[in-house]
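sequence plus predicted model, see below.
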Amino acid sequence: MSLYAEATSCAQGEALRFRLLDGEGGPIAVEDVPSGRLVLRDAAAPGPAWTLKVGSDWPSSLYRAIYHDFSAYFVVRAAAPASPILVSIPFPTWEAYNRPGVPGEGLYQSEQPDRAVKVTFDRPGAGPQIEEWELGLLRWLDPAGYTVDYCSGLDLHGGLPLLSRYRLLVVNGHDEYWSWEMRDAAEEFARRGGNIAIFSGNTCWWQVRFEDDLRTMVCYRDAATDPLAATDPGRVTVEWPNEPVNRPENTLTGLSFRNGAGCWVDSRVMAQESYTARFTDHWVFEGTGLADGDTFGRGAIGYETDAADLEWVAGVPRASGRDGTPPSFVVLATADLSHWRRYGKGGAATMGVHRLGSGTVFNAGTINWGNTLHDPVLATITRNVLNRLSHPPPTPTWDPIGPTPHPTQPDPPAAAPPMVEGGAPAAAPPVAEGGPSTATPQVAEGRPPEVAPLAVKGGAPEAALHGPEEGTPDAAAPAADGGTSDVVGRPASAPAASPARAAAHLAPDSAVHLLADAAPGKAREGTPALAAHERDDGTSDGAGQGAESDGLHVTARGTEDGGSDGVGQGAGGGASHVAAHRTAGGRRRGGAVRALVCCESRLYAVCPDGTLAVRDVSGQNLPWQTIGETDALALAAPREAHGGPPAGLYGVAPDGTIRYRDPVEQPRPWRDVSRAPDGTIGLAAVDEGLFAVTAAGELWHLPIRRLDEHDWRSVGPAAGTAPPTPATPVTISAASVTPATPVTPAAGLTAMNGRLFAMAADRILIRTAERHEAPWNDLGPAAGCTALAATGGRLIGAGPDGLLRWRSL
């Protein structure tokens, strides 16, 4: 005796018809599956058909009708949304696994010659697999305080009308089989600002088609036998990434089973697996107490996983994008499952998040997530995801994207004239009468200046400053003592370092520092060893093999593929990546940042000691690469050149000198090109001009084609109340800036898309880049940022806490 429902879902207040097989009827009970509560007892069902009248007061949920020893699952949808969260139940996948191995009746096994290519929902047996991958999360939600609405996966086939009523779609458990229409609906939902949380693995792996008013599911698994191959190849029922469909699922989900793993032979193996945290400053990890490198979620990984194709940059993983993973994907955690090839399929697991249009997609990358929510870390992560993605933020939020660079030397170097092309000290350009002052700030006796002038420590030759010629191999730059410079974290293939002086040691506060005075091949006296982390099996992960008799040697931590992650290539490694300061809690932190600018898809930063560093513009917590030194207080970079000066890095020195440098990731000279108004603390390039903001709160403009003339024009206040605006251009002098009323001076300046952005009183201000006075408007909090850059519709800021953050406009 068995039964099935004639639809996988119905709305509150509607009727749902069931078919009873192999019996003369009998009592039926209906259970709310997540709560286990019976909502109907001993309903008379004489057979062969029975109609359930769903009450309008029944909560939207997953239910099962119980007839003797058989169950038929169905969803009650909300007639009107009672929650911003919609949970999808994977009925297509449940039907795909119904009657596996039965010739002509089951889609499994996948390569079984007599497998079915079409299966019907008009039969009993479809429901959760024996492991109940979906039910753990469903049973957790209500006790955790979440009211959610439910739908069948087939409801997504109907397009946006259902999804558009919700803020967050939750994909849960094992949701492997999707139609083209289901994907279209989910992707369009995200592009329009909806969010998706995937607590699932092997997600959206097979394309299916539906026939007979959604009662027949088609999956040939082979393009050679699918009749649509010749007429509509995009709808052929094969794996989404494969020919002739070529629509990788990770363009939606961020992850793919191509890189994932499967453990189908011995489920005990799953219980031993854990994720390794890779970016714990991300909002997903808030409140977990985890630090980068910690393991968590033991038992959550399995029995199938999804992963991204990764590349490792000085120990930090990032999605390569070679497999179709979106460029915005941020790797949050990883697991090496290559040993699973003995149990099913070797691969990996990745947890991460990415943007799809205006929406956010989180992916846990594993099927068993919901069944391990007794783990407080997993429960906290789940709460963070549900809370963040189910409601729009009240204002754009500043999200961490990694540490700021950490200076490569502990103290500012002694004063020296800036080095320019040709290796000679730069002569200050002449000052026109009434022009900007060239006086160098006075330095108190015994104190170094506040900023590091552009100079190569130790008198390195010009070649070290310029770097190798284009197309020639890099060579390690000589250090001050004639040895080879060491900076923690350079992989062997990285470009040669600029003249740097760094070695790693573990300070008493357990923070990793970069020191300037450790000679190559010699450990600083008293430097403790960097302890290796011990795995559960008692082996070492190789992290930090400490100071040895032959000198300081920081060993790279083994990566998940058995290679090196490039962290700490030790004495003689010739590194150029800057290690982040690690706090006592184990989190990566950088130092203060004096200036930021984006140029050619790279982010450049100036540290207080004059270190110039670069990294990619990315949401990933990437390391910084040291590429030189500068005395710049502020940086600017034109979006493009217009036949005048080139598009590159422009920096303003403390004495007002503006210098130019090519935006390349190797040491290059700076050359003097102009002068800025006295007291300039911020610089921006936009609309073929430079804008400068002064400590007095005044905003000035200079056409970039007239850099050699220094004829800056006042264009209003940087913030606050405007002083009188000169009617004609003037040459700047200290006496020419006299605000009529007090202003709140801006603390930084950047530009994007024809607009200027400034910081004042911990607020972000915006105005048009017009060459006359224009109002400033408030964009919201600056989140403590003291340096600002802009690119790609985002603001990027750095503050004294050592974190780099960004926000959308």
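That came through, no problem.

residue 595 versus residue 268, what's the distance?
With the distance defined as C-beta to C-beta, to the nearest Å, residue 268 ends up 55 Å from residue 595. No exception for glycine: its C-beta is placed from N, CA and C like everyone else's.

and those two? Which one has more around it.
The residue with more neighbours, out of residue 268 and residue 595 and counting by other C-beta atoms under 10 Å, is residue 595; that gives 28 against 9.

what's the domain layout of this structure?
1-77, 81-204+249-392, 462-520+572-808 (automatic domain parsing).

can you give me the end-to-end span of stretch 693-710?
Stretch 693-710 has its terminal residues 15 Å apart, counting by C-alpha to C-alpha, to the nearest Å.

quick one: residue 132 and residue 371 touch, right?
Yes: with contact defined as C-beta atoms under 8 Å, residue 132 counts as touching residue 371 (7.3 Å).

more crowded one of those two?
For residue 132 versus residue 371, neighbours defined as other C-beta under 10 Å are more numerous around residue 371 (21 against 15).

Three-state assignment for the more buried one, please.
When the structure is reduced to helix, strand and coil (DSSP: H, G, I helix; E, B strand; the rest coil), residue 371 reads as helix.

how about the residue nearest the centre of the chain, nearest residue that isn't a chain neighbour?
The C-alpha lying nearest the average C-alpha coordinate of the chain belongs to residue 330 (C-alpha atoms, centre = their mean; 2.8 Å). For residue 330, the nearest residue in space outside its immediate sequence neighbours is residue 619; the separation is 4.4 Å by C-beta to C-beta, 6 or more residues apart in numbering.

what's the answer for residue 119, then?
Leaving out its chain neighbours, the residue that sits closest to residue 119 by C-beta to C-beta, 6+ apart is residue 217, at 5.4 Å.

mind checking the longest helix of this structure?
Under DSSP state H, the helix in the chain containing the largest number of residues is helix 376-390.

give me the mean pLDDT for it.
Model confidence over helix 376-390 averages 99 on the pLDDT scale.

same question for stretch 406-413.
Per-residue pLDDT values across stretch 406-413 average out to 53.

how about stretch 112-128?
For stretch 112-128, the mean confidence score works out to 95.

now do the end-to-end distance for it.
Across its full length, stretch 112-128 reaches 23 Å between end residues, using C-alpha to C-alpha.

go on, stretch 777-789?
Start and end residues of stretch 777-789 are separated by 18 Å (C-alpha to C-alpha).

what's that stretch in contact with?
For stretch 777-789, the external contacting residues (C-beta atoms under 8 Å, 6 or more residues apart in numbering) are 395-396, 398, 592-598, 603, 605, 747-750, 757-759, 762-767, 795-801, 805, 807, 809.

from the residues you listed, which land in strands?
Among those, the ones falling in strands (DSSP state E) are 595-598, 603, 605, 748-750, 757-759, 763-767, 795-798, 805, 807.

where are the low-confidence patches of the stretch 551-700 of the chain?
In the predicted model of the stretch 551-700 of the chain, residues 551-588 satisfy pLDDT under 70.

oops, could you answer that again for the chain instead?
Across the chain, residues meeting the criterion (pLDDT under 70) sit at 408-588, 720-747.

again, only using 50
When residues are selected by pLDDT under 50, those of the chain lie in 409-575, 584, 720-743.

about what we covered before: distance of the residue nearest to the centre of the chain from residue 221?
Here residue 330 is placed at a distance of 33 Å from residue 221 (C-beta to C-beta).

repeat for residue 616
For residue 616 relative to residue 221 (C-beta to C-beta), the value is 39 Å.

out of the two, which sits in the busier spot?
Between residue 616 and residue 221, residue 221 has the larger neighbour count (other C-beta under 10 Å), namely 20 against 13.

tell me which residues touch that one, please.
Counting by C-beta under 8 Å, 6+ apart, residue 221 touches 107, 110, 115, 117, 206, 237, 238.

state whether it is indeed within a helix.
No: assigned with three-state DSSP, residue 221 falls outside any helix and is coil.

those helices in this protein, which residues are they?
The residue ranges that make up the helices of the chain, judged by DSSP H, are 91-96, 135-141, 153-156, 160-163, 180-191, 250-253, 376-390, 462-466.

and the ones you listed as CSV, adding mean neighbour count and distance to residue 22?
As requested, the helices of the chain are arranged in CSV below (neighbours: other C-beta atoms under 10 Å; distance: least, C-beta to C-beta, whole Å):
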stretch, mean neighbour count, distance to residue 22
helix 91-96, 26, 20
helix 135-141, 20, 27
helix 153-156, 24, 26
helix 160-163, 17, 35
helix 180-191, 20, 33
helix 250-253, 26, 40
helix 376-390, 20, 41
helix 462-466, 18, 85
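
what would the ones you listed look like in JSON lines with distance to residue 71?
Formatted as JSON lines, the helices of the chain follow (distance: least, C-beta to C-beta, whole Å):
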{"stretch": "helix 91-96", "distance to residue 71": "12"}
{"stretch": "helix 135-141", "distance to residue 71": "13"}
{"stretch": "helix 153-156", "distance to residue 71": "18"}
{"stretch": "helix 160-163", "distance to residue 71": "25"}
{"stretch": "helix 180-191", "distance to residue 71": "25"}
{"stretch": "helix 250-253", "distance to residue 71": "30"}
{"stretch": "helix 376-390", "distance to residue 71": "27"}
{"stretch": "helix 462-466", "distance to residue 71": "74"}
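
do you know which of those helices lies nearest residue 314?
Ranking the helices of the chain by proximity to residue 314 (C-beta to C-beta) places helix 462-466 first, at 22.0 Å.
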